[in-house]
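> 3D, please:
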Amino acid sequence: MNQHQFSAPPLTKINKIILIAAGTCFLLFSILKAVGAYNLVGLLGLSATGLANGFIFQLITYPLIEVNLMGFIFNSLVIWFIGSELEKQWGSKIYVRFLLINIIGVGIIYSLVNVLFFGTNTGAIPLHGLTGINFAMLIAYALLYPDRQMSLMMIFPMRARTFCWILAGIEAYMALFSNLASAWAHLLAMVISYLIIRFQTKPLVRMALNASFETKKRSKSHLYVVKDEDQKPPKFWQ
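A predicted model of the protein is given here:
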């Protein structure tokens, strides 16, 4: 694929599962809201209060809760276009671990900061939505394919690296000059994604991902032993 051209890849397996789960949660949230029943954000969104009450599952479920249609559509498109490209290049195993490290890492740090500065009785809206992992995907994509063309607001063409710097700047502004606590979580997701890509060859990161980042995932059929000319024991694996 030409590095300077962006095209929509087929929707991959893991991203299809994510979108089905998020779509189901959005539909259920909308139905319950319409009938005035239980608010799923309080149950599945991430909050220090929820974790204190033993709702550990919130560390995994909070990205799946979208509360408005346009946000759900836009975030779903990012997962389809960007996420599917990353899963295709890395393989499902690395891709899932990348997402989990980001989701759980953001969730733990965000919750700890809330507890330290606001306590578990904070009245803040629970963290929710796919935006955080989408920003993580975009940072990873921009680092891997910095010169590919993307469009800001579907109008202004620019390089992927420039596009992501603009997004980071917008989130930084929102974090500093608004009351949106979620903006800090989005910035944190970007930072974690940046660190994973930049230090992907470090032992700790490779161990967490259980493999190195490669353009294509190697199958077992392509794994072979390289020996020296004297047929000594294997020197290394390739």
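> let me know the helix or strand that the residue nearest to the spatial centre of the chain is in.
Central residue of the chain (CA atoms, centre = their mean): I133, 2.6 Å from the mean position. If you go by DSSP states H and E, I133 is part of helix 131-144.
> export only the CA atoms of that helix, formatted as CSV.
This file holds the C-alpha atoms of helix 131-144, laid out as CSV (Å, rounded to 0.1, in the frame of the first residue of the first chain):
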residue,chain,number,x,y,z
THR,A,131,-12.9,8.6,21.8
GLY,A,132,-10.0,7.8,24.0
ILE,A,133,-9.0,4.6,22.2
ASN,A,134,-9.7,6.3,18.9
PHE,A,135,-7.1,9.0,19.8
ALA,A,136,-4.7,6.2,20.8
MET,A,137,-5.2,4.5,17.3
LEU,A,138,-4.7,7.8,15.5
ILE,A,139,-1.4,8.5,17.3
ALA,A,140,-0.2,5.0,16.5
TYR,A,141,-1.2,5.4,12.9
ALA,A,142,0.5,8.8,12.6
LEU,A,143,3.7,7.4,14.0
LEU,A,144,3.6,4.4,11.6
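> same for that helix, what does it pack against?
Here helix 131-144 touches helix 69-78, helix 84-90, helix 92-118, helix 160-177, helix 181-198, going by 3 or more CB pairs under 8 Å, 6 or more residues apart in numbering; DSSP states H and E. The way it works is simple: take the backbone N, C-alpha and C, and place the C-beta from them, glycine included.
> nearest residue to the residue nearest to the centre of the chain in space, ignoring adjacent ones along the chain?
P63 (5.4 Å; CB to CB, 6 or more residues apart in numbering).
> just I65 next, same as before
Using CB to CB, 6+ apart, the closest residue to I65 is H128 (3.9 Å).
> burial measure for the one you found, as a count.
H128 is flanked by 26 other residues according to other CB atoms under 10 Å.
> is it correct that it is in contact with G42?
No: assessed by CB atoms under 8 Å, H128 is found out of contact with G42, at 9.7 Å.
> show me what contacts N15?
79-80, 83-84, 87 (CB atoms under 8 Å, 6 or more residues apart in numbering).
> what's the closest of the residues you listed to N102?
The shortest approach to N102 among the contacts of N15 belongs to G83, at 11.8 Å (CB to CB).
> pLDDT score for the closest one?
With respect to pLDDT, G83 scores 91.
> let me know whether it touches F135 as I believe.
No: the pair G83 and F135 fails to qualify as a contact (CB under 8 Å) at a distance of 11.9 Å.
> neighbour count winner among those two?
Set G83 next to F135 and count neighbours by other CB under 10 Å: G83 wins out with 28 against 25.
> which one is Y194 nearest to, not counting chain neighbours?
Nearest to Y194 is I139, by CB to CB, 6+ apart, at 5.5 Å.
> P63 and I73, how far apart?
According to CB to CB, to the nearest Å, P63 stands 16 Å off from I73.
> which one's more surrounded, these two?
P63 (29 against 11).
> among the helices and strands packed on helix 131-144, which is nearest L46?
Closest to L46 of the helices and strands packed on helix 131-144 is helix 92-118 (CB to CB; 5.3 Å).
> any buried residues in the closest one, and which?
Buried residues in helix 92-118, defined by neighbour count with 16 or more other CB atoms under 10 Å: 94-99, 101-103, 105-107, 110-111, 114.
> please read off the pLDDT at F135 from the model.
90.
> same thing with P9?
At P9, the pLDDT value in this model is 74.
> that's a strand at it, yeah?
No: counting by DSSP: H, G, I helix; E, B strand; the rest coil, P9 falls outside a strand, being coil.
> fine, thanks again, bye for now.
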